[in-house]
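Participant: Got a predicted structure plus its sequence, pasted below:
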Amino acid sequence: MAGFSVPRYGPERSGWGRLTARDSLVRRLDWPLLGSAVALSFIGSLLVWSATRGRDSLTHGDPYYFLFRHALNTGIGFALMIGTIWLGHRTLRGAVPILYGLSVLLVMAVLTPLGATVNGAHAWILLPGGFSLQPSEFTKITIILVMAMLLAERVDAGDQLHPDHRTVAKALGLAALPMAVVMGMPDLGSVMVMVVIVLGVLLASGASNRWIFGILGAGVAGAVAIWQLGLLDDYQIARFAAFANPALDPAGVGYNTNQARIAIGSGGLSGTGLFQGTQTTGQFVPEQQTDFVFTVAGEELGFLGAGLILVLLGIVLWRACRIARETTELYGTIVAAGIIAWFAFQAFENIGMTLGIMPVAGLPLPFVSYGGSSMFAVWVAIGLLQSIRVQRPITA
């Protein structure tokens, strides 16, 4: 078929048995991608530790409490990445309907008595031992996978050049179901990320541009309708008001953003030194180990340290783009593109809200912010990217 050729793969065996001796796992892994993600998680551990070690109300008197838990979350996430690589994105492709169903059940469980409210968002499930689960983080992955499975099925089989309108409609319908539940929590920040993921997936799939413009138009109309009908909670309205006018209530709704900007601005070129930030040690910035962790980098590591985080995130996105470009199966391209859209927008939103150029949306900084669900999800995404690279077609 013109413009597309079905790739030739080696024997379809389970796990790493797909690779020949010549094409070993170690040789095929994307080491810059893996190294950058590890470096971000390491830097995140130091920043989380600095932000929490003096907050006895959070640490129960143990200054290493959040450091150990962040390291544990990273270790579990790394193990999930290894498991994802071992299974392979093609094996997971067959399990997508099951994963999607579980994901929908989990987000719906948040709306039952199992759900809990944290920082105004009823988006969590409390687990024994003081742990919690945020299902919307895993929903980002399943939306990518289920849309990729549908949109790429007939194209990878050689039956079509691009997904038809009926297939696109089905994919959008499956994505809309969990998004509607997450919107009802309400978790507006996660919904924003999911919308960007959907757009990235559609762009990578080669779907008609009419779908892209239609979604953008529907998004604008929906946002206006939500505002006019008063469907947003008071705290969400206050966040947008503070974004539009930072001087509106500097001691109230604008407090977080103002303190974040003060912390970042006080760092200068090289920062005040790790554990030496006055804004951080003085506990002026709320939620500094999660949503506002970038302020710790800006204050204590300065422009150079904060810039290093941006460079590492840039390397992750660059390598992901290369993986998306080099794979010859549309399914792999779509999965990689969805992850790129997710990481890029979420990082931009998180850092942007600390600088006052984006509204506060309660989104963690990938690999850096404290949070088990987020850490697990981003490392699974790295596993998917590595699997796409590892299982590239075997050339003669």
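Facilitator: Sure thing, it's come through. None of the values given here were measured: they were computed from a predicted structure.
Participant: any idea how far A175 is from G44?
Facilitator: Here the criterion is CB to CB, to the nearest Å. By it, A175 lies 29 Å from G44. Glycine gets a C-beta too; all of them are placed from N, C-alpha and C.
Participant: quick one, which of these two is more surrounded?
Facilitator: Here A175 and G44 are compared on neighbour count by other CB atoms under 10 Å; more neighbours surround G44, at 27 against 24.
Participant: secondary structure element for the more buried one?
Facilitator: For G44, the enclosing helix or strand under DSSP states H and E is helix 31-52.
Participant: If we go by neighbour counts, what in that helix is buried?
Facilitator: 33-34, 36-37, 39-41, 43-52 (16 or more other CB atoms under 10 Å).
Participant: Also stretch 342-350?
Facilitator: Using 16+ other CB under 10 Å, the residues of stretch 342-350 that count as buried are W342, F343, A344, F345, Q346, A347, E349, N350.
Participant: The second one: what secondary structure?
Facilitator: Spelled out, it's F343. For F343, the reduced secondary structure class is helix; criterion used: DSSP: H, G, I helix; E, B strand; the rest coil.
Participant: so what's it up against?
Facilitator: Shown here is F343, whose contacts under the criterion CB atoms under 8 Å, 6 or more residues apart in numbering are L313, V316, L317, A320, P366, V378, A381.
Participant: do you know how far it is from G314?
Facilitator: Plainly put, F343 is 10 Å away from G314 if you go by CB to CB.
Participant: Could you do the first one as well?
Facilitator: When CB to CB is applied, the distance between W342 and G314 equals 15 Å.
Participant: and what of the last one?
Facilitator: Applying CB to CB, the value for N350 to G314 is 15 Å.
Participant: Which secondary structure element of the chain has the lowest mean pLDDT?
Facilitator: Confidence across the helices and strands of the chain bottoms out at helix 234-244, with a mean of 62, counting by mean pLDDT, DSSP states H and E.
Participant: Now the element after it, going C-ward?
Facilitator: Next element after helix 234-244 (DSSP H and E): helix 255-265.
Participant: for the next helix-or-strand element following that following helix, which positions count as buried?
Facilitator: The helix or strand immediately downstream of helix 255-265 is helix 278-281, counting by DSSP H and E. For helix 278-281, the neighbour count (16+ other CB under 10 Å) marks Q279, T280, T281 as buried.
Participant: Show the subsequent helix or strand relative to helix 278-281.
Facilitator: Helices and strands here follow DSSP H and E; after helix 278-281, the next one along the chain is helix 293-296.
Participant: That following helix: how far from the chain's middle?
Facilitator: Its chain's C-alpha centre lies 18 Å from the corresponding centre of helix 293-296 when counted by CA atoms, centre = their mean, to the nearest Å.
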